[in-house]
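Asker: from the sequence below, what's the structure:
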Amino acid sequence: MAWGGCEGDRMNFLSVCSGIEAASAAWHPLGWKACAFSEIEKFPSAVLSHHYPDTPNYGDMTNYKDWPDATFDVLVGGTPCQSFSIAGLRQGLADPRANLMLVYLGLLDRFRPEWMVWENVPGVLSSNGGRDFGTFLGGLGQLGYGFAYRVLDAQYFGLAQRRKRVFVVGYLGDWRRAAAVLFEPESLSGHPAPRREAGKGVAPTLSARTKSGGGLGTDFDCDGGLVAHTLRGEGFSAGEDGTGRGTPLVPICFSAKDHGADAMTDLSPTLRAGGHNSSHANAGVMPAITQGWRVRRLTPRECERLQGFPDDYTAIPYRGKPAADGPRYKALGNSMAVPVMRWIGERMEALT
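Answerer: Got it, this is the predicted structure:
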């Protein structure tokens, strides 16, 4: 195995639990380069190979002790969050997937990058009474990393999606630099900046077509705008902080007078990874939007836009034919929001 490119004038990073690489989509425009990825799922790995053919994918991150030595600036990753989700089983560190959080600490210990960025669902803050998250932060401290954490919502970064995630930024030997990435100087000195009005700077309403076909049409008109819930196999749920155990996104157009303030926002709740299936038997669980009494499913391209990826980023050749919608929906629901990652990267670079 060989690293893809850990030398250069700009920042370099190792991405673990890479998915379809929100970090690369966010940071490549800054001139940063990924040294390597670590992803085991087949479709996301195919997306990585398609877009970044010269960057090695090391696969299972638990094998990191066998990886070659390297020097890079940032370790980034969002380890699996199902066990921390309020919508999940809340097994915390008892779940083997959650233990990848500890493997992440092992990677920091092995490679000692200057910066680290870690992402998870808000449920991690309360998992096991906060002790699971405390274990992670305690591990960072023992390794010499100063850190800060904050819940960031994608709707304030130009996306038409409510997507709250916990971000931890760490800097080797200095918590002040980590805090300066996530917080403004006013708040660090005990004088928090005035909170901006909710909804400022949010992307316009998702556009819709009433006819079949991909792409976006004109903005649809439905009184209060776009509202979304989630649909499960076992029933209806409007929770927002889970990871989508078989839970696709189902935006629905409602009247504000009937459904209150939520219907007045042009936002989608959290895009989820789900058990999407394009067969007719499962068509009822596909992402869909309604306009009046007409229904169409949300396109993968629209989901890419909800996460801030370029159009058709996941429309790759897969297994000898164009990628089906199901794997694209799942990969997008599992990913990070690109504009949030770009904001973090820009602030890290300004301090380097």
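Asker: list the backbone torsions phi and psi for Met116.
Answerer: phi -140, psi 150 (degrees, to the nearest 10).
Asker: show me the contacts for Gly345.
Answerer: Met11, Ala26, Trp27, Leu30, Trp32 (CB atoms under 8 Å, 6 or more residues apart in numbering). Backbone N, C-alpha and C define where each C-beta goes, glycine included.
Asker: tell me how many other residues surround the second one.
Answerer: Right, Ala26. Ala26: 24 surrounding residues under other CB atoms under 10 Å.
Asker: from what I see, it and Glu346 are in contact.
Answerer: No: with contact defined as CB atoms under 8 Å, Ala26 does not reach Glu346; the gap is 9.1 Å.
Asker: of the contacts of Gly345, buried ones?
Answerer: Met11, Ala26, Trp27, Trp32 (16 or more other CB atoms under 10 Å).
Asker: closest to Val124 among the residues you listed?
Answerer: Ala26 (21.4 Å; CB to CB).
Asker: which secondary structure element contains the closest one?
Answerer: Element membership for Ala26 (DSSP states H and E) is helix 22-27.
Asker: tell me what that helix is packed against?
Answerer: On a contact count with 3 or more CB pairs under 8 Å, 6 or more residues apart in numbering; DSSP states H and E, helix 22-27 meets strand 12-16, helix 338-350.
Asker: mind saving the C-alpha coords of it as CSV?
Answerer: The C-alpha trace of helix 22-27 is given here as CSV (Å, rounded to 0.1, in the frame of the first residue of the first chain):
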residue,chain,number,x,y,z
ALA,A,22,-18.0,15.3,1.7
ALA,A,23,-14.6,16.3,3.1
SER,A,24,-13.0,16.1,-0.4
ALA,A,25,-15.9,17.9,-2.1
ALA,A,26,-15.5,20.6,0.5
TRP,A,27,-11.8,20.9,0.8
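Asker: which strands and helices sit next to the very next helix or strand once past that helix?
Answerer: Toward the C-terminus, helix 22-27 is succeeded by strand 33-38 as the next helix or strand (DSSP H and E). Contacts defined by 3+ CB pairs under 8 Å, 6+ apart place strand 33-38 against strand 12-16.
Asker: hmm, who's touching the strand it packs on?
Answerer: 5-6, 21, 23-24, 27, 32-38, 61, 70, 72-77, 79, 104, 107, 111, 113.
Asker: restricted to buried residues, select the residues you listed in PyMOL.
Answerer: Those of the contacts of strand 12-16 that count as buried under 16+ other CB under 10 Å are selected in PyMOL with:
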select buried, resi 6+21+23+24+27+32+33+34+35+36+37+38+61+70+72+73+74+75+76+77+79+104+107+111+113
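Asker: ok, the buried ones among the contacts of Gly345 vs Leu152, which is closest?
Answerer: Ala26 (13.0 Å).
Asker: give me the low-pLDDT residue ranges for the stretch 201-350 of the chain?
Answerer: Low-confidence segments of the stretch 201-350 of the chain (pLDDT under 70): 201-269, 273-294.
Asker: tell me the two of the contacts of Gly345 that are most distant?
Answerer: Greatest spatial distance in the contacts of Gly345: Met11 and Ala26, 11.9 Å, computed using CB to CB.
Asker: and of the buried ones among the contacts of Gly345, the nearest to Asn128?
Answerer: Asn128 lies nearest to Ala26 out of the buried ones among the contacts of Gly345, by CB to CB, at 30.9 Å.
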